[in-house]
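Asks: predicted model follows, preceded by the sequence.
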Amino acid sequence: MSPPGWHPDPGHSGIGPAQERWWDGTRWTEHLRVPPAAIRRRRTRVAVGVTVGVVVLAAIGGGVFLLQEDGDDRPGTAATAPRPAPSGSPGPGAPDGNGGDSGGNGSGGQGPDGQIPPTEKGYATDLASGISLPVPKGWTGRSGTVGAGLTTGEYACPGNSGEKCVRGGVFSAPAVALKLDATTAEAAAKKDIAVNAEESYGEKIYGGIASHEQLKSGPVTVAGQKGYAVRWKVVTEKGDDGYVESLAFPSPASEDLLVVVRSGFDVNAGAPKLSVLDDITKGIKAAAGGAGTGRTA
């Protein structure tokens, strides 16, 4: 039997970059990562989403799920839904294929160093950032060693019907994982908003952004920390317009670690109201057990 460690993902379909899955010695867990060697060789790009144990991740509003790679310099724009854990028989005690989502509160298996993302009922936990995001009723939450995510309302992307978008998405990650060169919450939020908007509603997903309007930019208290939020309304070339927000604040577990929460809500009768986003922000709390290491590998 193989010892615990990172091994080629037995559920890899052959589409997209090869990944590694964490084997805990008895079963395959939900932890996935892009091999470090591959990250060093090529630029990374993000497709939509957040997955347990991803080395570097970005959260794209409107639905982001899995860090991928590409050889070019363009940011990723394909809104791919999260691939579930292998549903076949890749190994003893393999996950049942539900992707780690359970009762609206995703959880990951044991990962490197024996760490397990805390599973609190009604919350999705970002272990590296030391925070937990409240999961609204009807939403899907996913916890991770690096990053956490909330999504609702999956549908075919207007710019590419072969890809999946969501009506609402909220994702967290340490600022260092997003390569943000900022030392304050205000600077981080202001730098991140344009990237968030482009990755959420730009290029092939929605045909690009025609214009944007800033709805707010100011301080906000999150999990007892003094943070900063910037919110835009973007007009797209295809499909629905959208609201995007970049929120930054010090981790409640470590004031030296900045956390970024990216959000994206469609402007659509079937999309969540902006009041839901405000409720999520108010409900963000320190994760049980602390953490907040900010590690991305």
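Replies: Great, that's in hand.
Asks: quick one: residues contacting E186.
Replies: Applying CB atoms under 8 Å, 6 or more residues apart in numbering, we find E186 in contact with P219, Y228, A248. C-betas here are computed from N, CA, C, even on glycine.
Asks: any low-confidence regions in this structure?
Replies: 1, 12-18, 33-119, 289-297 (pLDDT under 70).
Asks: wait, isn't A182 in contact with A188?
Replies: Yes: using CB atoms under 8 Å, A182 and A188 qualify as a contacting pair, with a distance of 3.9 Å.
Asks: neighbour count: the two, which is higher?
Replies: Legend: neighbour count by other CB atoms under 10 Å for A182 and A188, higher for A188 (25 against 17).
Asks: wait, is the more buried one part of a helix?
Replies: Yes: A188: assigned to a helix according to DSSP: H, G, I helix; E, B strand; the rest coil.
Asks: now do the contacts for it.
Replies: With contact taken as CB under 8 Å, 6+ apart, A188 is in contact with A175, L180, A182, Y228, S246, A248, L258, V260.
Asks: out of these, who's nearest G144?
Replies: V260 (14.4 Å; CB to CB).
Asks: given the helix or strand hosting that closest one, what are its sheet partners and their directions?
Replies: Using DSSP states H and E, V260 sits within strand 254-266. Strands that pair with strand 254-266, judged by DSSP bridges, come out as strand 160-174 (antiparallel), strand 242-251 (antiparallel).
Asks: mind checking which of these is nearest T281?
Replies: Distance to T281, taken as CB to CB, is lowest for strand 242-251 among the strands paired with strand 254-266, at 6.5 Å.
Asks: wait, doesn't P134 sit right on D278?
Replies: No: in this structure, P134 is not within contact of D278 by CB under 8 Å, at 11.7 Å.
Asks: so which of those two has more stuff around it?
Replies: P134 (19 against 13).
Asks: distance check, the closest residue to the more buried one other than its chain neighbours against V267.
Replies: The spatial neighbour of P134 that comes closest, neighbours along the chain excluded (CB to CB, 6 or more residues apart in numbering), is G283 at 3.4 Å. Here G283 is placed at a distance of 23 Å from V267 (CB to CB, to the nearest Å).
Asks: can you check V195 too?
Replies: V195 is 20 Å from V267, by CB to CB.
Asks: okay, the two: which has more neighbours?
Replies: Set side by side, V195 and V267 show more neighbours around V195, with 20 against 15, by other CB under 10 Å.
Asks: determine the three-state secondary structure at that one.
Replies: Assignment for V195 (three-state DSSP): helix.
Asks: can you tell me how far it is from G141?
Replies: 24 Å.
Asks: ok, now G25?
Replies: 27 Å.
Asks: same drill for these two, tell me which one is more crowded.
Replies: G141 (28 against 11).
Asks: the helix or strand the more buried one falls within: partners in the sheet, and parallel or antiparallel?
Replies: Secondary structure assignment for G141, by DSSP H and E: strand 140-142. Strand 140-142 sits in its sheet next to strand 148-157 (antiparallel), going by DSSP bridges.
Asks: flag every buried residue along the partner strand.
Replies: A148, G149, L150, T151, T152, G153, Y155, C157 (16 or more other CB atoms under 10 Å).
Asks: on the strand side of things, show who the last one bridges to.
Replies: Beta-bridge partners for C157, by DSSP bridges, are N160.
Asks: ditto for the second one
Replies: With DSSP bridges as the criterion, G149 is bridged to R142, F171.
Asks: surely R21 meets G5?
Replies: No: at 10.2 Å, R21 does not count as touching G5 under the criterion of CB under 8 Å.
Asks: higher neighbour count, the two?
Replies: For R21 versus G5, neighbours defined as other CB under 10 Å are more numerous around R21 (26 against 11).
Asks: so who does that one touch?
Replies: W6, H7, P8, D9, P10, G11, W28, T29, H31, L32.
Asks: what do you get if the cut-off is 6 Å, keeping everything else the same?
Replies: Going by CB atoms under 6 Å, 6 or more residues apart in numbering, R21 touches D9, W28, L32.
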